[in-house]
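**Student:** Give me a 3D structure for the following:
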Amino acid sequence: MQPFRKRLLVRVAVTITLIIAALIAAIRVQQYVLRSRAERLQSELQKIECGKTSFEQARQLFERWGGVFDGACTKHKCSAETGVHDFVYAHLRFFFNHQRLLRIYGVLGGRPATVSARVVVQDDVVITKFYGVYVEVYPGEAGRGGSYGYTLIGRTAVGEGLPDTRPETHPSYLISWPSGCENCVEIHANFSSSASTADVQRVSTMDFSCVTRWVTPCKEKADIMPAAWLQVQKDQQSH
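**Tutor:** A predicted model of the protein is given here:
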């Protein structure tokens, strides 16, 4: 019986190891697929120019991405949004009710993340567009002395009105963050319609490795939007 038990234990151990390896592989693959799709969505959204891109052009793009349009969407007035999600965000209610499974997901290499894009059309042209990346930081990774994790957020908006108080060195865009964001760390860049394409693309740069990092997670504003944070440092030094 002893040799049989040993063989059985070995088989069980090998089976468990293979199952865990398969789960890790599946989770990591879907993280990299999400990252690739997120990068491609941002790239396609960058081709939309506020004040120039037509309703039809925007509609075709969002239909390719399975976009959701408002109920009375016409070329005169319309808004459309779309997004890509990891497995957790796609089944958020289930994982919210099963926190232990969420933690196992993290141990096996999962990083809950979602990406959203939105445009607003008026009189047959896109007038504003939005893009956001949301990545979860687990409890224990935050390093803030608390027992709760938070959402790391990077967002951009093009075509919105800007407040009068903005840097003289770049009056066409403003980088800021909310003063009271509970359970989140957020940075966003808002651009007026007069902002140059070069400024929009440079400041809007997202570090999509935040979606796939496992051992060294992104935690701060500088991690998710490095170019925007670098601009903030330059603005502070100029004062």
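**Student:** Show me how far the longest strand that the chain contains is from its chain's centre.
**Tutor:** If you go by DSSP state E, the chain has its longest strand at strand 125-137. A distance of 8 Å separates the centroid of the chain from that of strand 125-137, by Cα atoms, centre = their mean, to the nearest Å.
**Student:** Run through the neighbouring helices and strands of it.
**Tutor:** Contacts defined by 3 or more Cβ pairs under 8 Å, 6 or more residues apart in numbering; DSSP states H and E place strand 125-137 against helix 2-46, helix 55-64, strand 113-122, strand 150-158, helix 209-212. Backbone N, C-alpha and C define where each C-beta goes, glycine included.
**Student:** okay, these in a markdown table with mean neighbour count next?
**Tutor:** Output for the helices and strands packed on strand 125-137, formatted as a markdown table (neighbours: other Cβ atoms under 10 Å):
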| stretch | mean neighbour count |
| --- | --- |
| helix 2-46 | 13 |
| helix 55-64 | 17 |
| strand 113-122 | 22 |
| strand 150-158 | 23 |
| helix 209-212 | 20 |
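**Student:** Of all residues in this structure, which one is nearest the centre?
**Tutor:** Centroid-nearest residue in the chain, with Cα atoms, centre = their mean: Val133, separated by 1.6 Å.
**Student:** Please report the distance of that residue from Gly161.
**Tutor:** Shown here: Val133 relative to Gly161, a distance of 23 Å by Cβ to Cβ, to the nearest Å.
**Student:** go on, Cys78?
**Tutor:** To Gly161, Cys78 is 20 Å away according to Cβ to Cβ.
**Student:** More neighbours: the two, which one.
**Tutor:** Neighbours were counted for Cys78 and for Gly161 using other Cβ atoms under 10 Å; Cys78 has more, 20 against 8.
**Student:** correct me, but the residue nearest to the centre of the chain touches Ile224?
**Tutor:** Yes. Applying Cβ atoms under 8 Å as the test, Val133 and Ile224 come out as touching, 6.4 Å apart.
**Student:** Trp65: what's its closest spatial neighbour, skipping adjacent residues?
**Tutor:** Thr82 (4.2 Å; Cβ to Cβ, 6 or more residues apart in numbering).
**Student:** Enumerate every residue touching the closest residue to Lys219 other than its chain neighbours.
**Tutor:** Of all residues not flanking Lys219 in the chain, Val137 sits nearest, at 5.7 Å (Cβ to Cβ, 6+ apart). Counting by Cβ atoms under 8 Å, 6 or more residues apart in numbering, Val137 touches 149-152, 185, 217-219.
**Student:** if you set the cut-off to 10 Å instead, what comes out?
**Tutor:** Residues near Val137 by Cβ atoms under 10 Å, 6 or more residues apart in numbering: 111-112, 143-144, 148-152, 183-185, 210, 217-220, 223.
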